[in-house]
Structure formats: structure tokens, C-alpha cells
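Peer 1: I would like to see how this sequence folds:
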Amino acid sequence: MENTFELSVTVNGTSYQKVIDPRTLLSDFLRNDLELTGTHVGCEHGVCGACTIILNGDPVRSCLLFAPQVHGQEIITVEGLGTVDDMHPLQEAFREAHALQCGFCTPGFLTTLVPWLEENPNPTEEEIREAVSGNLCRCTGYQHIIDAVKLAAEKMN
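Peer 2: Model prediction:
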């Protein structure tokens with residue numbers, strides 16, 4: 001008899017029931033089973049932040065969780081933040097402030113910062129720097145990201 005787990009989870013407002021291997025990482029489940037490839041896998045150790053998703057309102061590293069750990073819970077991935085025609089204010093700010101280059105780290109920054117901005121609507125630059133300190137970017141140098149978060153805070157207020 002094969003070892004399986006019947007996972008029930010809501011992702012970006014859609015309910016899913018899937019039979020999976022209980023050793024499946026959440027990042028792999030999102031990318032491979034649900035084809036939500038915006039969740040990137042970088043270091044596979046929870047250090048880079050590229051795999052960050054929003055779990056029950058909090059940013060978490062999906063590469064550090066097994067998919068069965070989110071059974072019955074609610075996830076928002078970068079695909080659930082907005083669309084090209086109806087972007088989240090943070091997505092708009094990233095575009096306007098040129099806060100991305102290759103884009104690999106961007107989903108993790110967005111899913112880290114959306115809940116953070118909801119709790120910190122008027123952040124200082126120092127607070128923003130602390131908030132992004134767990135996400136690594138090799139392209140932009142961070143200043144444009146800081147500028148985008150400031151701009152997004154203005155838009156959201």
C-alpha cells in the first residue's frame with residue numbers, strides 16, 4: 001500500500017483536494033501540482049526568501065514546510081496578489097520605482113511585504129530595511145525596493 005496524504009487547502013481563493021506524497025514540500029506542491037510557478041525556489045534552506053507565500057495572513061517560507069502541514073489552511077501566492085490589469089499597490093509601486101530586474105526574488109519580496117504593510121502603514125526607511133532583510137536580491141541593490149515600499153505605503157494610505 002502506497003503512503004499518501006489527502007490534502008485539502010485553499011490557494012488564492014480556490015479550494016483544492018489532492019492526494020500527495022506526505023514528503024512533498026509546500027513549494028513543490030505549489031509549483032508542480034498546482035502549476036503556480038511564481039513561488040520560486042532558491043536556496044531550499046529558507047534563507048533567500050524567494051519561496052515566501054502568505055499562510056493564514058503571515059509570510060512563511062514554503063520550502064521549509066511539508067504540504068500536509070498546511071492541510072485545511074489558506075494560502076496566497078504572488079499570483080493571488082493581483083493581475084496585470086488590477087495590480088496590488090505594492091506590485092504597481094515595484095513597477096513604478098524600478099524595484100526589479102531579473103524578477104526571481106520579486107514574488108518573495110511581495111508576499112513578505114503585503115502583510116507587513118498592512119500592519120505597518122507608515123513605515124520609516126529603517127523599518128522597511130529591517131522588513132526586507134530576510135529576502136535576498138542579487139540584482140537591484142535594494143534602494144529601489146525600499147523606494148517601492150515607501151511608494152506603496154503612500155498608495156495604500
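
Peer 1: Is there a neighbour count for Q73? I'd like the number.
Peer 2: Other residues near Q73 come to 12 when the count uses other CB atoms under 10 Å. Where C-beta positions appear, they are placed from N, C-alpha and C, glycine not excepted.

Peer 1: how does the protein divide into domains?
Peer 2: Domain segmentation of the chain under automatic domain parsing yields 5-80, 89-156.

Peer 1: Can I get those domains in CSV including mean pLDDT?
Peer 2: Compiled in CSV, the domains of the chain are given as follows (pLDDT from 0 to 100):
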stretch, mean pLDDT
domain 5-80, 97
domain 89-156, 96
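
Peer 1: for the residue lying closest to D33 once chain neighbours are set aside, what are its contacts?
Peer 2: Setting aside the residues directly before and after it, D33 is nearest to K18 in space (CB to CB, 6 or more residues apart in numbering), at 5.7 Å. Going by CB atoms under 8 Å, 6 or more residues apart in numbering, K18 touches E6, L7, F29, D33.

Peer 1: Same check on V70?
Peer 2: The neighbours of V70, taking CB under 8 Å, 6+ apart as the test, are L7, V9, L26, L55.

Peer 1: The helix or strand harbouring the first one pairs with which strands, and in what direction?
Peer 2: Under the criterion of DSSP states H and E, L7 resides in strand 5-11. Paired neighbours of strand 5-11 in the sheet (DSSP bridges): strand 14-20 (antiparallel), strand 74-76 (parallel).

Peer 1: Could you pull out the buried residues of the next helix or strand after the longest one?
Peer 2: Following the chain from strand 14-20 toward its C-terminal end, the next helix or strand by DSSP H and E is helix 26-28. Neighbour counts using 16 or more other CB atoms under 10 Å place L26, S27, D28 of helix 26-28 among the buried residues.

Peer 1: How about the second one, nearest residue that isn't a chain neighbour?
Peer 2: The one in question is S27. Across the structure, with CB to CB, 6+ apart as the measure, the residue nearest S27 apart from its sequence neighbours is S62 (4.1 Å).
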